[in-house]
Each structure stands twice: as structure tokens, then as C-alpha cells.
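In: Below are the sequence and a predicted model; questions follow.
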Amino acid sequence: MPVPHGDLAQLAAVVGAVGAAIVLLSRRRVELLAGLGIAVAGEAMLAVALIPGHDLKRFVTPATHLGALVFGVLVIAAVAWAFVRWPVAVPVALLAAAPFRISTSVGTQKAYLLDPLYVVLAAAVLALVVRAGRGQADRALPRLIAYPAAAFVFYTGLSLLWTHDLRAGSIELLFFLFPFSALVVVVVRSPYRAWHPRALAVTLVALGALFSAVALFQRLTHGHLLASDVERANAYTSYFRVTSLFKDPSVFGRHVVIAIGVLLVATWLARVRFWVAAALIAFLFLGLLPAYSQSSFVALFAVTLAVSFVLGGPVLRRVLVVGAVVCVLAGAAFVAATAVSDSARQATSGRTRLARVAWIVFEHHPVVGVGIGGQPQASRKEAKTQLSAKRDKSHTTPLTVAAELGIIGFFIYVALMAATTRVLYLVTQRNRALGLGAASVFLTLFVHSLFYAGFFEDPIAWGVIGVAAWALTSAARRGSRGADVLPQVLEDSGDGRPQRASAEVHHAG
């Protein structure tokens, strides 16, 4: 389906990219408010560009649609009032709402959207504006992470100017990239309390347990699934795949592995009783098992190995290294043996084909790529596939970035991943439980993204960036032990020389 107003969409992408970059880089109140205003304008323009005129009219006529719109505004205003009064609740509320997608219809168009998150995020942004006006939200994103994040969002937004799929790219910007940039800043500028790490961990585990419980119910009853394609496939297989509250088993699996990773960290650090943690992990794994998600099992293997390696002793580390090598070799041998009698494509559930068609696009457009959202359409044309563009979407995020944003965008992506890793390391030095817990979540998402699409479309990925920066700047503001290393990462003088710690804390806090 073409974009009704293509020129407006491209203009909106530029406006939104500028606004999001300003928000991420903002140090002063006026910069934050100006950036938010520009970003909201870009979002509104993108929405108008994507929605046909006859569907836009439904928002004002008949009265039922107008009433629903007014009701939604009132709900956002009420939640924003609560966030102004209790801003400490913002990060936990965002996390609790992050996974849920709801079937949403706008006229003739229908999609599964993160509606609960959008409501909470809109209210949090509105509350941030009020608090910033009162001088209560002066903590800024550390420049170590602000620069690569702003560069990535800005460059990705600009790439809509040359994208091969204007509609897909506009959707990516409207529903994911621009809103999640605001999510990072909202989290960073929220008050930090000592109970936040535990509250975030409990929320993640509770979500994982909920999803596993629904999955086990589906497995026992062979109940209704949100994914119609999986439901059809189950009718022709000897096993039954579950999706829990999601349309894809791999997305469900990703959330469960995140919860298991957090529990592993808490168990190693004795923050939860061993038998309680073991029971919860067993329950989560039982829910994950019937998803049959290869990418989720690989992510689970990686995060279990990494957490145990970091927190275990020398003997355990040697055992883990040997065991990991054996498992990797055995897995490679299994794939190779399967490929002999079948094919590498079937042995990897089609991932080798997806990697090949995405690589062809990168070879043809190595410098700037085919633009945000353009890889599937470009793969269909340039690799001459017989499938729909939707089935040509790369399941390897680094390769997707390279194909859509070229070498320039890929290097910005690497810089963002490296900066996030560095921030997580610095947080771990100050709060081991929070740092390692957040790192386990980030590792799960990163490894999963090597075999499945949707890394930057997952709000939790951006939430990890926000939480890590939030904890780091909060530690600086409290003048906690270890703040002597902060001047090099939170602030600089502009000529590469670090400023004094006192000035550092003043500007970054």
C-alpha cells in the first residue's frame, strides 16, 4: 500500500530526526522542550502522511470516534498528572507496559501496536514537560551514549529520503524509533531510588511468568493463538507451538529468556533464595519449551554462559569454556549433518536464505544502503525472490542495518552498541546487581537479534540504554564512591579534555 502523502512523510522524517536528536543531546531545559516540540511535530506529520484522508476524518466524525479520541486524551492527562506527582513510578510503569501489543484499527487499516506503552509514554512525556518547566528534571543523558544514540536516530530518520519502501520506513520511524528516543530521555530524567533495581527485576520476572503461564495453558488446551500462521502450521505438524500473548513464538521466547537471565544474576548474587529462583526458572523454561524458538534457545544459552562465567570461580569458568566449545561444535555438526540430507535453508529455518538476500542488497548499496525499512522490498527486487517482501525481511539485525543504512549506518550502530556496553560496565562498578541484571537483558536482546528481527523495534532494548544511563548519572549526582572516573564519560570540555568532577556532576546530574 503506497503512502498517501509521500513528500510530507519525508519532510516529517527530517523534522522528527532533528527533534529526536536534540532531545537526546539536550543539556538545558530549553533544549529539551524545543526538541520535544519538534519531535512531536514530526510524529504528527508522519501520522498524517501515513493515514489516508478518509480515515483521518473518522477521528472527528461520527461522534463515537471523536468521543473515543477525547477519552484517550483524558486518560493520558490523568496518567500524566499521576506521573507529575509520583515521577519515581515512570520507569517501572513503562517497563510493565512495554511488551503488550493490541489489535488496533484506524479506519481501513489494522495492526498490532504497543498501545499500552504509547499511552504511558505519552503521559510520561507530558509529565516531563511539566516537571522540566518547574526545574525538576535537569538530569541529562551522558554524552558517552547521547552522541551515538543521537547520530543513529538522526541518520536513520534521514534515510527515509532514499528508502526503497517509504511506507515501511515511515512506520518504523513513527511507531518505534522516534518514540523510543523519547523513552530513553524520560527514564534518564526520572528520580532514582534505591528500590528501583528490585522493582524493575520483579516486573521483568512477573511478566515472564505471566507469559509462560499463558503458554502452558495454550499447550495443555491447544487453545487460540494470536498468530494465525502458527495456528495453521500447528494443524500440519506433530508438535504444537505456543505464542503466549504474542503473534510470534520468538518474541514470546525473548521475553522469557530476559526474565531467566535476571533471575540467574539475582541467584548468583544471593539476592533471592536458591530454591525460589530454581522453581521460577523451571516454570519459565517449561513455558518457553513449546515455543520451539531456535533464536530464544541460543539467547538462553549465551546469557546463561555469560552470567555464570562472570560470577563463577576459576574452575567453573574453565568448565564453561570447554562445555561451550563442545556445544558449539556439536551444534555445527548437527546443522551440517541435517543440511546433507535436507538443506542449510531448512536446517536453519530459512535464515540462511534471508541472510543471503539481505547481503545482496548491501553489496548493491554499500555506502548509504536502501533506507530505513527498505531491505525487504529491495531484496525481493534485487535478489529476484518469488516470495512477498514481508518474507524477505532479514532476521539478522547487524545485516539489516548494513543493508538499510550502509557502511555509514553500520559504524554508527557499532558505536552505539559499544557505548551501551561501556555504560553498563560503569554501572556494574557502582551497583553490581543492577549493572549485571541490565547487561543480561541487553545480551539477551543482542544475541536474539542475530537470529531474529526487531532489535530497535523492542522498547526494552531502548529501555536498557535509558536505565543504564539513568543509574550512572544518578550515581554521579549522589557523589557515590567511584565517581572519580565519571568526568571522562559523562562530560567533556569540547576539546577532548575532561572537566573537573564537580562541573561534571553539575551538568550531567
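Out: All right, it came through fine.

In: Can you identify each of the helices in the stretch 401-509 of the chain by residue range?
Out: Counting by DSSP state H, counting those that start in this stretch, the stretch 401-509 of the chain has helices at residues 432-449, 459-478, 487-490, 501-508.

In: any low-confidence regions in the stretch 251-400 of the chain?
Out: For the stretch 251-400 of the chain, applying pLDDT under 70 flags the ranges 334-350, 386-390.

In: mind listing the strands for the protein?
Out: With DSSP state E, the ranges of strands along the chain come out as 102-106, 109-113.

In: Output those as CSV; include the columns mean pLDDT.
Out: Below are the strands of the chain laid out as CSV (pLDDT from 0 to 100):
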stretch, mean pLDDT
strand 102-106, 74
strand 109-113, 76
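
In: could those go into a markdown table alongside mean neighbour count and distance to Ala137?
Out: For the C-beta atoms, the positions are set from N, CA and C on the backbone; glycine is no exception. Shown next, in a markdown table, are the strands of the chain (neighbours: other Cβ atoms under 10 Å; distance: least, Cβ to Cβ, whole Å):
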| stretch | mean neighbour count | distance to Ala137 |
| --- | --- | --- |
| strand 102-106 | 12 | 29 |
| strand 109-113 | 12 | 27 |
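
In: Make a markdown table out of the ones you listed and add distance to Arg351.
Out: Putting those into a markdown table (distance: least, Cβ to Cβ, whole Å) gives the following:
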| stretch | distance to Arg351 |
| --- | --- |
| strand 102-106 | 28 |
| strand 109-113 | 23 |
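
In: Quick one: end-to-end length of stretch 266-281, please.
Out: Stretch 266-281 stretches 12 Å from its first residue to its last (Cα to Cα, to the nearest Å).

In: That stretch: which residues count as buried?
Out: 266-268, 271-272, 277, 280-281 (16 or more other Cβ atoms under 10 Å).

In: shaky segments in the stretch 51-200 of the chain?
Out: 52-66, 105-109.

In: Surely Ser250 and Tyr292 touch.
Out: No - using Cβ atoms under 8 Å as the test, Ser250 is too far from Tyr292 to be in contact (9.6 Å).

In: quick one, which of the two is more surrounded?
Out: It is Ser250, of Ser250 and Tyr292, that has more neighbours when counted by other Cβ atoms under 10 Å, with 22 against 17.

In: From Tyr413, how far off is that one?
Out: For Ser250, the distance to Tyr413 equals 21 Å [Cβ to Cβ, to the nearest Å].

In: now swap in Ala270 and tell me
Out: Distance from Ala270 to Tyr413, counting by Cβ to Cβ: 37 Å.

In: And Val90, by the same measure?
Out: Distance from Val90 to Tyr413, by Cβ to Cβ: 28 Å.

In: Same question for Val315.
Out: For Val315, the distance to Tyr413 equals 37 Å [Cβ to Cβ].

In: Please apply the same query to Val276.
Out: Going from Val276 to Tyr413 by Cβ to Cβ gives 39 Å.

In: what comes up buried for stretch 33-45?
Out: By 16+ other Cβ under 10 Å, the buried positions in stretch 33-45 come out as 33, 35-36, 38-40, 42-43, 45.

In: Looking at those, which is nearest Ile145?
Out: Nearest to Ile145 among the buried residues of stretch 33-45: Gly35, at 16.2 Å, using Cβ to Cβ.

In: doesn't Ala17 make contact with that closest one?
Out: No - checked against Cβ under 8 Å, the pair Gly35 and Ala17 is beyond contact range at 11.1 Å.

In: Now do the buried residues in stretch 85-97.
Out: Result for stretch 85-97 [16+ other Cβ under 10 Å]: buried residues 87, 89-97.

In: ok, back up a step: is it possible to get CSV of the helices of the stretch 401-509 of the chain that adds mean pLDDT and distance to Gly323?
Out: Listed next are the helices of the stretch 401-509 of the chain as CSV, based on pLDDT from 0 to 100; distance: least, Cβ to Cβ, whole Å:
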stretch, mean pLDDT, distance to Gly323
helix 432-449, 96, 17
helix 459-478, 89, 27
helix 487-490, 38, 35
helix 501-508, 36, 42
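
In: any chance of those helices in JSON lines, plus distance to Lys393 and mean neighbour count?
Out: Formatted as JSON lines, the helices of the stretch 401-509 of the chain follow (distance: least, Cβ to Cβ, whole Å; neighbours: other Cβ atoms under 10 Å):
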{"stretch": "helix 432-449", "distance to Lys393": "13", "mean neighbour count": "24"}
{"stretch": "helix 459-478", "distance to Lys393": "18", "mean neighbour count": "24"}
{"stretch": "helix 487-490", "distance to Lys393": "36", "mean neighbour count": "21"}
{"stretch": "helix 501-508", "distance to Lys393": "39", "mean neighbour count": "17"}
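
In: what separates the closest residue to Ile22 other than its chain neighbours from Arg254, distance-wise?
Out: Residue nearest to Ile22 in three dimensions, not counting chain neighbours: Gly35, with 3.2 Å by Cβ to Cβ, 6 or more residues apart in numbering. Separation of Gly35 from Arg254 (Cβ to Cβ) stands at 31 Å.

In: cool, His164 as well?
Out: To Arg254, His164 is 28 Å away according to Cβ to Cβ.

In: With Val441 instead?
Out: To Arg254, Val441 is 10 Å away according to Cβ to Cβ.

In: swap in Lys247?
Out: According to Cβ to Cβ, Lys247 and Arg254 sit 13 Å apart.

In: For these two, indicate the residue with more neighbours.
Out: Using other Cβ under 10 Å as the criterion, Lys247 and Arg254 rank with Arg254 on top: 28 against 16.

In: Apart from its neighbours in sequence, what residue is nearest the more buried one?
Out: Nearest non-adjacent residue to Arg254, counting by Cβ to Cβ, 6+ apart: His448, 5.0 Å away.

In: wait, isn't that neighbour in contact with Phe301?
Out: No - if you go by Cβ under 8 Å, His448 and Phe301 don't touch, sitting 11.3 Å apart.

In: Tell me who's in contact with the residue nearest to Val367 when sequence neighbours are not counted.
Out: Among residues not flanking Val367 along the chain, Gly406 sits closest, at 4.7 Å (Cβ to Cβ, 6+ apart). Counting by Cβ atoms under 8 Å, 6 or more residues apart in numbering, Gly406 makes contact with 362, 365-369.

In: Neighbour count added to those residues, as TSV?
Out: TSV is the format used below for the contacts of Gly406 (neighbours: other Cβ atoms under 10 Å):
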residue	neighbour count
Phe362	23
His365	23
Pro366	14
Val367	9
Val368	17
Gly369	29
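
In: Tell me the one of those residues nearest Thr203?
Out: Nearest member of the contacts of Gly406 to Thr203, counting by Cβ to Cβ, is Gly369, at 36.2 Å.

In: Name all residues that make contact with the closest one.
Out: By Cβ under 8 Å, 6+ apart, Gly369 lies in contact with 159, 361-362, 375, 402-406, 409.

In: Would you check how far apart it and Phe301 are?
Out: Counting by Cβ to Cβ, the gap from Gly369 to Phe301 is 31 Å.

In: try Leu289
Out: Leu289 is 14 Å from Phe301, by Cβ to Cβ.

In: Return every residue with contacts to both of those two.
Out: Joint contacts of Leu289 and Phe301 (Cβ under 8 Å, 6+ apart) do not exist.

In: Hmm, Phe152 and Ile412 touching each other?
Out: Yes - judged on Cβ under 8 Å, Ile412 makes contact with Phe152 at a distance of 4.9 Å.
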